[in-house]
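Enquirer: Quick one: sequence and predicted model below, then my questions.
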Amino acid sequence: MTTQNILLHYSPQRRNLLPVIKEVSREEGFVSETAADLIAKYFNLTRAEVLSAATFYSEVKTKKQPELIIKVCDGANCNLKGSEETLRQIELFLGQKEGDEHNALVKIERVSCFGQCLSGPNVQIGETIYDKIFPDRVIDLLRGYLE
């Protein structure tokens, strides 16, 4: 669904700004400057106001995202079980640091919790969350996605 189609489902009241931004991000993968301009015009706002609202929420992206996003839980239980070392193994294998945005294909992120603390350390690849991903297991899991 395009930004214009999404806007048609909402009245131009300020309370609908966030739902529109979230839906555009979910449907298109991110809120582009073009989408932000359309949203701004519809809500009688500036592009800066729309992007300011969008960047406040971590689940809303304002840049095109890589094809594969790898998220490593950094919650207390996962951290105690070795998630930091799992993250380091991912970084070494891919040759990039967590948060780097130079690779258009893969991005590594740290997240605070997946809510599956008893089965940690947890790693999410794409939309799938994997449990008990210890450093010695993570490379084989990644190979399955990258081959």
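Expert: Thanks, I have the structure now.

Enquirer: Residue 32 and residue 15, how far apart?
Expert: 23 Å (Cβ to Cβ, to the nearest Å). (Each C-beta comes from the backbone N, C-alpha and C, glycine too.)

Enquirer: I should have written residue 133 there, sorry.
Expert: Taking Cβ to Cβ, one finds residue 133 at 40 Å from residue 15.

Enquirer: more crowded one of the two?
Expert: The residue with more neighbours, out of residue 133 and residue 15, is residue 133; 28 against 8, by other Cβ atoms under 10 Å.

Enquirer: What distance do you get for residue 142 to residue 91?
Expert: Distance from residue 142 to residue 91, counting by Cβ to Cβ: 11 Å.

Enquirer: Assign residue 110 to helix, strand or coil.
Expert: What DSSP: H, G, I helix; E, B strand; the rest coil gives for residue 110 is strand.

Enquirer: so it touches residue 71, yeah?
Expert: Yes: between residue 110 and residue 71 there is a contact at 7.5 Å, judged by Cβ atoms under 8 Å.
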